[in-house]
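[1] The following comprises the amino acid sequence and a computationally predicted model.
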2 protein chains.
Amino acid sequence: MYSTIRYCSACGQPVTLSVPPGDHRPRHVCLGCGTVHYSNPKLIVGALPQWQGRVLLCRRAIEPQFGKWTLPAGFMEDRETLAEAARRETLEEAGARLELEELYTVFSVPRISQVHVIYRARLLDLDFAPGEESLEVALFDLDEIPWTEIAFHTVRLTLEHYRADRQSGQWRSLVGEIPPI
Amino acid sequence: MYSTIRYCSACGQPVTLSVPPGDHRPRHVCLGCGTVHYSNPKLIVGALPQWQGRVLLCRRAIEPQFGKWTLPAGFMEDRETLAEAARRETLEEAGARLELEELYTVFSVPRISQVHVIYRARLLDLDFAPGEESLEVALFDLDEIPWTEIAFHTVRLTLEHYRADRQSGQWRSLVGEIPPI
């Protein structure tokens, strides 16, 4: 995922790190054709699917965090919208269809150059099943969530925020960040 | 920006388009070392800086949309947070310092594989000046905004939303998308 850029993807010649004219940061610049290769943060997009007060979680069948529980989410693809990405990931990982509600949590994760976006959503039916990347998919009451077996920090923060909102009876979107260690 | 991937950035050998095992989409895969090269949407992050009911706009000194007015915004950099990106772009393009308020508009722009994020913000002082990418920087009352000279669709939608919120007296975040033409 974070392989270093050593060669130009346009012409195949070696690149060097240098600050292009008018820029402020070192970039990978091709020594042959001069193309500047930028690297930018990636969006991870998913959903918090709800059904009669329960939330849907997926147990991961892949690394990292094999065997841990997560919300359905993954890398946004080119030419998608955020909403399409959230629905596609939920369909792929949990075989489930959603009606999306609000954009619920947005976390910057600068250590790994990612932004994690989760929609609150409503499951349309109970016809779900694990996809290739999931061992199992299940609905959890709030007091059944496997808190010590949650795969990712931003997923745990989203579930904690959801629990607080359920207790207060008011949905509030949350924008936050995970400080570099 | 959207140059096609022809060579592997890890080893310099040619790539081919094929669907990797377990994947659903064609990716650029290296014929030499097998590295899969993904392409994902990019984040454009900026701010809507306010000062006593006026908003700060920048007139672009670069293409695209040279000479048109925009909110300070640009590509989020690796290892940044959304908030850091909004403050940095405003400092670079308008020489201005901000106190950020809420994440105000989020637009998916699937045609160009981008997501545009704008914070509502408060200018900390009037000590601003155009950076290298701006011809001028100015504060506009709502009825002075140069509506026919706005550089980008998502900036115009953000300013229209801001005008409506000012009239209603209530700040509401907006999540939307720009359908492909």
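    Arrived safely, thanks for sending. Numbering: from 1, shown residues only, chains lettered A, B, ... in the order given.
[2] Apart from its neighbours in sequence, what residue is nearest the residue of chain A most remote from its centre?
    Centroid-distance maximum for chain A: A:G32 at 36.1 Å, with C-alpha atoms, centre = their mean. Nearest non-adjacent residue to A:G32, counting by C-beta to C-beta, 6 or more residues apart in numbering or on different chains: A:Q13, 3.1 Å away. Where C-beta positions appear, they are placed from N, C-alpha and C, glycine not excepted.
[3] can you check A:T81 too?
    The nearest residue in space to A:T81 (C-beta to C-beta, 6+ apart) is B:S108, at 3.6 Å.
[4] Quick check: the one you found is in a helix.
    No - per DSSP: H, G, I helix; E, B strand; the rest coil, B:S108 lies outside any helix segment and is strand.
[5] quick one: contacts for it?
    A:80-84, B:114-115, B:176-178 (C-beta atoms under 8 Å, 6 or more residues apart in numbering or on different chains).
[6] just A:K42 next, same as before
    A:75-76, A:113-115, B:40.
[7] which pair in the residues you listed spans the largest distance?
    Among the contacts of A:K42, the pair separated by the greatest distance (C-beta to C-beta) is A:M76 and A:S113, at 13.8 Å.
[8] between those two, which one's more packed in?
    A:M76 (28 against 18; other C-beta atoms under 10 Å in any protein chain shown).
[9] what about the closest residue to A:T35 other than its chain neighbours, how many neighbours?
    Excluding the flanking residues, the one nearest A:T35 by C-beta to C-beta, 6+ apart is A:A10, at 4.7 Å. Applying other C-beta under 10 Å, we find 18 residues neighbouring A:A10.
[10] Kindly state the pLDDT recorded for A:A10?
    We have a pLDDT of 95 for A:A10.
[11] from what I can see it touches A:V36, true?
    No - A:A10 is beyond contact range of A:V36, at 10.3 Å (criterion: C-beta atoms under 8 Å).
[12] got any residues that touch both of those two?
    With C-beta under 8 Å, 6+ apart, A:A10 and A:V36 have common neighbours A:C30.
[13] just checking, A:R88 is part of a helix?
    Yes - with three-state DSSP as the criterion, A:R88 is located in a helix.
[14] how much space between the residue positioned nearest the centre of chain A and A:I118?
    By C-alpha atoms, centre = their mean, chain A has its centre lying nearest to A:I44, at 2.6 Å. Remark: distance between A:I44 and A:I118 (C-beta to C-beta, to the nearest Å) = 9 Å.
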